[in-house]
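Enquirer: got a structure for you, letters missing:
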């Protein structure tokens, strides 16, 4: 029960790693808000949590809209009294498009989801954290936060941007009780990676894709007091994929 009595907002919690994280947090004692745009999928995650005697609710949120994120924080406070943990896991891919290939509108959409969304979510929850002098931010990056290749030009740019954002959060607010770190998964079995060729696995020393539950276990660590002396760092879980890059 590493997260007993904590309240966690899981942005992008309706599928993949985010859904696994929501379930893991609830299993560790947290009360969880599953936030995303797919209500049916989100309610299934909440059902899984409550069937295992956990506490959770779904909040429909467009993570690129500040007003909706602010309302989500209000719903968390109304339901559970506060917010202790923000997990920024929403993200989209660019299908490996280069700077020549990607349309401007698609670039803007990706940046809105992958970069501005986490920024707006943090901005919505920071007043709560600062008011009580404690809070945790987990931004979800990628192996593309460290190297080129795992995505196209826009995706790699966005995931590198989250590294800088996380470091700046730690620099600005670490002394005020806010812990911010970046979780960087590698090639994981999720809807985003479905259909990608098995050839990719040959470059991974572990010779397999990761499982969402493995990444969720690290998120529990970053959300818990076990990681309280970690500020502004990147925790990579990629089966060794980047060691030979």
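Expert: Great, that's in hand. This structure is a prediction, so every number in the text was calculated from the model and none was measured.
Enquirer: ok, residues contacting the host helix or strand of residue 87?
Expert: When elements are defined using DSSP states H and E, residue 87 is found to belong to strand 85-88. Identification of contacts with strand 85-88 by C-beta atoms under 8 Å, 6 or more residues apart in numbering yields 3, 6-13, 18, 21, 25, 30, 117-118, 121-122, 125, 135-140, 219, 223. The C-beta positions use only the backbone N, C-alpha and C, and glycine is treated the same way.
Enquirer: I'd like the next helix or strand past it.
Expert: Going down the chain from strand 85-88, the next helix or strand is helix 104-111, by DSSP H and E.
Enquirer: list the buried residues in that next one.
Expert: 106-107, 110-111 (16 or more other C-beta atoms under 10 Å).
Enquirer: and of the residues you listed, the nearest to residue 144?
Expert: For residue 144, the closest of these turns out to be residue 110, at 11.9 Å, with distances computed as C-beta to C-beta.
Enquirer: so where do the strands sit in this structure?
Expert: For the chain, strands defined by DSSP state E occupy the ranges 7-11, 31-36, 55-60, 85-88, 135-140, 178-185, 234-237.
Enquirer: within the sheet, what are the partner strands of the longest one, with directions?
Expert: Partner strands and pairing direction for strand 178-185 (DSSP bridges) are strand 135-140 (parallel), strand 234-237 (parallel).
Enquirer: let's test this: mean pLDDT of that strand, rounded?
Expert: Here the mean pLDDT over strand 178-185 is 98, rounded to a whole number.
Enquirer: what separation do you get for residue 4 and residue 216?
Expert: Spatial separation of residue 4 from residue 216 under the definition C-beta to C-beta, to the nearest Å is 17 Å.
Enquirer: compare those two (neighbour count), which wins?
Expert: A direct count of neighbours by other C-beta atoms under 10 Å for residue 4 and residue 216 places residue 216 higher, at 24 against 10.
Enquirer: tell me who's in contact with the more buried one.
Expert: Residue 216 sits next to 17, 20-21, 23-25 when contact means C-beta under 8 Å, 6+ apart.
Enquirer: let's have those in CSV, adding pLDDT, distance to residue 166 and neighbour count.
Expert: What follows is those, written out as CSV (pLDDT from 0 to 100; distance: C-beta to C-beta, whole Å; neighbours: other C-beta atoms under 10 Å):
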residue, pLDDT, distance to residue 166, neighbour count
17, 97, 17, 29
20, 98, 21, 24
21, 98, 17, 31
23, 98, 24, 24
24, 98, 21, 23
25, 98, 19, 30
